[in-house]
Structure formats: structure tokens, C-alpha cells
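Sequence and predicted model, in that order:
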Amino acid sequence: MELFNLFIESIFIENMVFMYFIGMCSYLAVSKTVKTSIGLGIAVVFVQIITVPVNFLVNKYFLVAGALSWLGPEYADVDLGFLSFIMFIAIIASMVQLVEMAVEKFSPALYNSLGIFLPLIAVNCAILGGSLFMQEREYETLAEASVYGLGSGFGWMVAIVIVAAIREKITYSNVPKPLKGLGITFIITGLIGIAFMSFMGIKL
């Protein structure tokens, strides 16, 4: 039940986009159509569900103070926490390369529609944010880290698909000229963020 609660919480209450407004670059650029948004969202979920647990293991057994004690008592005082950013980004970049190759092979149309934003998942703030939040909150088990990775990635996917669906609907709407494009998208994002605040009372 605790894991399910963590999953729901990471999607609705602590949504990467609507709560923290991170991962906005690809979110704003790709959310023009639902089809490409779903494709990128699935890629983000896949990367998150792999990188967050892997980074959890790296952090627990190599980076935090005393993590290397399994090598021997002389390593008990070693603290490699300063390498967190480098290690997390290296792991994320490796996973993104695998995703990019898989999408190019099995769905060339999606690969072409996503363009430069597929490799840019490697520098998506939401991806790195998932690992950093996992580290900051000090999840104790691999299961918690895995569920949080899945939930945070799925939450980002939900956000981009919702906004893409709305942007498709308002394509032919009478939007004031100064607000067309990113202007109205920012307003929509803010309003949905306010709506998502209503989930803050959820406790399963």
C-alpha cells in the first residue's frame, strides 16, 4: 500500500511539470500533437524507470559516506557524494542512447517527428530531477526508488499528453494574437497546475 501511495503521489501530487515546473523545454516544444507527446512520454517513462533505480544502487553502494565499507573497513570513511551529478548524468545519457537507437529502429516515423528532442531527454531536467529527488528523500529500498521512477516518469507523460490534447483543440480557437503559441501554453500549464493542487489532500 505504501508503494502504491508513493506511485499515485509522484504522478498527481508531486508532478514534475505541474508542481515543480521542471522538464519544461521538451514539454513545451513537443506538446503540439498528442501522438508525438505519447511517444516522447513513453520514452521518458522508460528512461526514468531504469535510471532512478540504477542511480539508487550507485548512490547507496558507491557514493554516500560509508557506502564503500563493503570493500573493507579502510574504505568506511570514503565519501564520493561529490560525484553524484557526474555519475547520474552519465547513466542517464547511456540509457537515452539505448532508447534513441530502439526508437530509430522500430519507429522511424516517431523518431523523425521527435527530432532533436529525443536525444535531449539526456538533459531533461525531469530525468535528472527524479534521481536527485530520490537521493534527497533517501528512499531506503530499491522498490521505493523503482516505483518513484515509474510514477515520476508517468506523471511527466500525463502532463505533456494533457497539454498536447488541449493545444490540438485550441488550434482553431480565437486565441488573442499575442498569446498564440507558447503564451497560451504557459497559461494552460499554470491553470492545470492549480487544478493538480486539489490532489494534495490524497492519502491512500
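Noted; the coordinates are in hand.

Just the buried residues of the helix or strand of the chain with the lowest mean pLDDT, please?
Counting by mean pLDDT, DSSP states H and E, the weakest-scoring helix or strand in the chain turns out to be helix 108-114, with a mean of 79. Residues of helix 108-114 classed as buried: L110, Y111, S113, L114 (neighbour count, 16 or more other C-beta atoms under 10 Å). Glycine gets a C-beta too; all of them are placed from N, C-alpha and C.

Name the next helix or strand downstream of that helix, please.
Next in sequence after helix 108-114, counting helices and strands by DSSP states H and E, comes helix 125-137.

Give the other helices and strands that that following helix contacts.
Secondary-structure packing of helix 125-137 (3 or more C-beta pairs under 8 Å, 6 or more residues apart in numbering; DSSP states H and E): helix 34-58, helix 84-106, helix 142-169.

who's in contact with L3?
When contacts are counted by C-beta atoms under 8 Å, 6 or more residues apart in numbering, L3 is found next to A143, E144, V147.

and which of the buried residues of helix 108-114 is nearest to P176?
S113 (28.7 Å; C-beta to C-beta).

any idea how far the closest one is from F196?
To F196, S113 is 27 Å away according to C-beta to C-beta, to the nearest Å.

Any regions of the protein where pLDDT drops low?
122-123, 202-204 (pLDDT under 70).

coming back round to it: which residues are contacting the least confident helix or strand of the chain?
So helix 108-114 is in contact with V30, T33, K35, T36, G39, L40, A43, E100, V103, E104, L118, going by C-beta under 8 Å, 6+ apart.

and those as CSV, adding distance to A126 and neighbour count?
Formatted as CSV, the contacts of helix 108-114 follow (distance: C-beta to C-beta, whole Å; neighbours: other C-beta atoms under 10 Å):
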residue, distance to A126, neighbour count
V30, 13, 22
T33, 20, 15
K35, 20, 14
T36, 17, 20
G39, 16, 21
L40, 11, 29
A43, 12, 24
E100, 17, 17
V103, 18, 21
E104, 22, 14
L118, 15, 22
